[in-house]
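Enquirer: sequence and predicted model, in that order:
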Amino acid sequence: MKVSAVLKQSLPLLLLCGIGEVAAGALFGHSADTLDLLPGLIVLVPALIGLRGNINTTLGSRLGSAAHMGLISSKNFLNDEMKENFKASIMLSVAMSFLAGLLAYLTSIAVGKSSVSMLIIIAIAVLAGSIAGIILAFITMGIILFAFKRGLDPDNVTGPSLATVGDLITLACIFGVAILIGGI
């Protein structure tokens, strides 16, 4: 693929992603009160955002490769290959969210900032991580399908799209679940 084609596909998306990341920062800043009430979240937020990015961009890469190899297409999109990758990403989301919650709690204790029980931090991590993971897995599948229907290379659009959308959705899920569970 020529450099001009990559720029044509990626540049507008990267500009939109920059705006999206500013929105994610504004959402994070707007949630400062929640962070004051649940200081363990300050450790949990980057961990869950990183996990969502890693798991879902990996899912996007796997689906993009499967599409390039002809294992999935717009005609047989919901085949076994797609379903297995989807299930694996959800299972990883749940397991790694649990681990992130546990590590966030232990880190908070280590630096003297714990204010809620381990169960609450882990519950916030697992629920927020699972909800965000499911939403982003569907978005990932949609991006792959959209890219191929439009003749775009999914490798050029999946990563940046998921990074931005993933940050926004994960932050909203974390703070939404924290408000529900944490009784804020």
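Expert: Structure received.
Enquirer: secondary structure element holding residue 85?
Expert: helix 80-110 (DSSP states H and E).
Enquirer: show me what that helix is packed against.
Expert: helix 41-68, helix 118-149 (3 or more Cβ pairs under 8 Å, 6 or more residues apart in numbering; DSSP states H and E). In short, each C-beta sits where N, CA and C put it, glycine included.
Enquirer: report pLDDT for residue 84.
Expert: With respect to pLDDT, residue 84 has a value of 89.
Enquirer: ok, it - how many residues close by?
Expert: 11 (other Cβ atoms under 10 Å).
Enquirer: do the same with residue 124
Expert: 29.
Enquirer: what about the helix holding residue 85, distance to the chain center?
Expert: Helix 80-110 sits 11 Å away from the centroid of its parent chain (Cα atoms, centre = their mean, to the nearest Å).
Enquirer: now tell me which helix or strand of this structure has the poorest mean pLDDT.
Expert: Within the chain, confidence by mean pLDDT, DSSP states H and E is lowest for helix 32-37 among all helices and strands, at a mean of 71.
Enquirer: how much space separates the one residue sitting closest to the centre of the chain from residue 151?
Expert: Central residue of the chain (Cα atoms, centre = their mean): residue 52, 3.0 Å from the mean position. According to Cβ to Cβ, to the nearest Å, residue 52 and residue 151 sit 28 Å apart.
Enquirer: and for residue 69?
Expert: For residue 69, the distance to residue 151 - Cβ to Cβ - is 17 Å.
Enquirer: hang on, the earlier thing: buried set for the helix holding residue 85?
Expert: The neighbour-count check on helix 80-110 (16 or more other Cβ atoms under 10 Å) flags 81-82, 85-86, 89-90, 92-94, 96-101, 103-105, 107-108 as buried.
Enquirer: same thing with stretch 171-181?
Expert: Buried positions in stretch 171-181, judged by neighbour count with 16+ other Cβ under 10 Å: 171-178, 181.
Enquirer: re the thing from before, least confident of the helices and strands packed on helix 80-110, on average?
Expert: helix 41-68 (a mean of 85).
Enquirer: the closest residue to residue 98 other than its chain neighbours: what's it in contact with?
Expert: Spatial nearest neighbour of residue 98, excluding adjacent residues (Cβ to Cβ, 6 or more residues apart in numbering): residue 126 at 5.3 Å. Residue 126 makes contact with 94, 97-98, 101, according to Cβ atoms under 8 Å, 6 or more residues apart in numbering.
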